[in-house]
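J.: would you be able to build a 3D model of this:
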Amino acid sequence: MIQTVTVYCASSEKSPALYLEAAERLGRALARAGLAIVYGGGSQGSMGRLAEGALGEGGKVVGVLPRFMDELEWGHRSLTELRVVDTMHERKQLMLELADAVVALPGGCGTLEELFEAITWKRLGLYFGPVVLVNVNGFFDSCVELLSRCVEERFMDERHRAMWSVVAEPEAVVEAIHAAPAWSAAARNFAQVR
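T.: The predicted structure follows:
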């Protein structure tokens, strides 16, 4: 049963408005569906807009912030809960451990790192939930192409294509989460391509 969605997104205030608006729309959509959000805890960029969208709809939003970012006052101070951890590694691990589903909005190298770690954990049978890419403005087209090439070149098994799904708009995320195929620890049997 999906109750908590971890969202990977960016803190940049300079990204185009359509990405910031998509983050806010996603926050609203998840809150309206009764889904709690876990995210990186920031107050700026897509992070801030995601949180504001969800909080505006009465949603539960948990931020996970490394201590050095907290000391720099990068954290959102109006969240349901803000968890401060010691390192970036702890942040990523906790965010994924709390996730029943993972959603990636457009973002930079941190967002992509988190997304690829979630896919890797799923491939190894350490995480079992849906992974949804919100492909606003075709942002993830080249990422999906690269993942497909990994399969075509036999670095990944054909069955690994089922690990993620792609939607064009934030409002399609809840349906995609519920439509995701089941994944189990049996995936470990084909995690290593032979």
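J.: residue ranges of the helices in the protein, please?
T.: In the chain, the segments counted as helices under DSSP state H are 17-32, 45-56, 67-71, 88-97, 109-123, 141-152, 173-179.
J.: and the first one with helix 45-56, angle?
T.: Going back to what we said before, that points to helix 17-32. Here helix 17-32 points in a direction 30 degrees away from that of helix 45-56 (axes from the mean of the first three to the mean of the last three Cα atoms, to 10 degrees).
J.: worst mean pLDDT across the helices and strands of the chain, which element?
T.: helix 67-71 (a mean of 92; mean pLDDT, DSSP states H and E).
J.: so where's the chain uncertain?
T.: Flagging of the chain using pLDDT under 70 yields an empty set of residue ranges.
J.: ok, back up a step: dump the helices of the chain into a markdown table; add distance to residue 81 and mean neighbour count as well.
T.: From N, CA and C alone the C-beta is placed, and that goes for glycine too. Conversion of those to a markdown table gives the following (distance: least, Cβ to Cβ, whole Å; neighbours: other Cβ atoms under 10 Å):
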| stretch | distance to residue 81 | mean neighbour count |
| --- | --- | --- |
| helix 17-32 | 15 | 21 |
| helix 45-56 | 12 | 24 |
| helix 67-71 | 13 | 14 |
| helix 88-97 | 12 | 17 |
| helix 109-123 | 19 | 18 |
| helix 141-152 | 30 | 13 |
| helix 173-179 | 22 | 18 |
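J.: to residue 185, which of these lies closest?
T.: With distances scored as Cβ to Cβ, the stretch of the helices of the chain nearest to residue 185 is helix 109-123 (10.8 Å).
J.: counting by contacts, list what the closest one packs against.
T.: In terms of contacts (3 or more Cβ pairs under 8 Å, 6 or more residues apart in numbering; DSSP states H and E), helix 109-123 is packed against strand 4-8, helix 88-97, strand 101-104, strand 131-134, helix 141-152.
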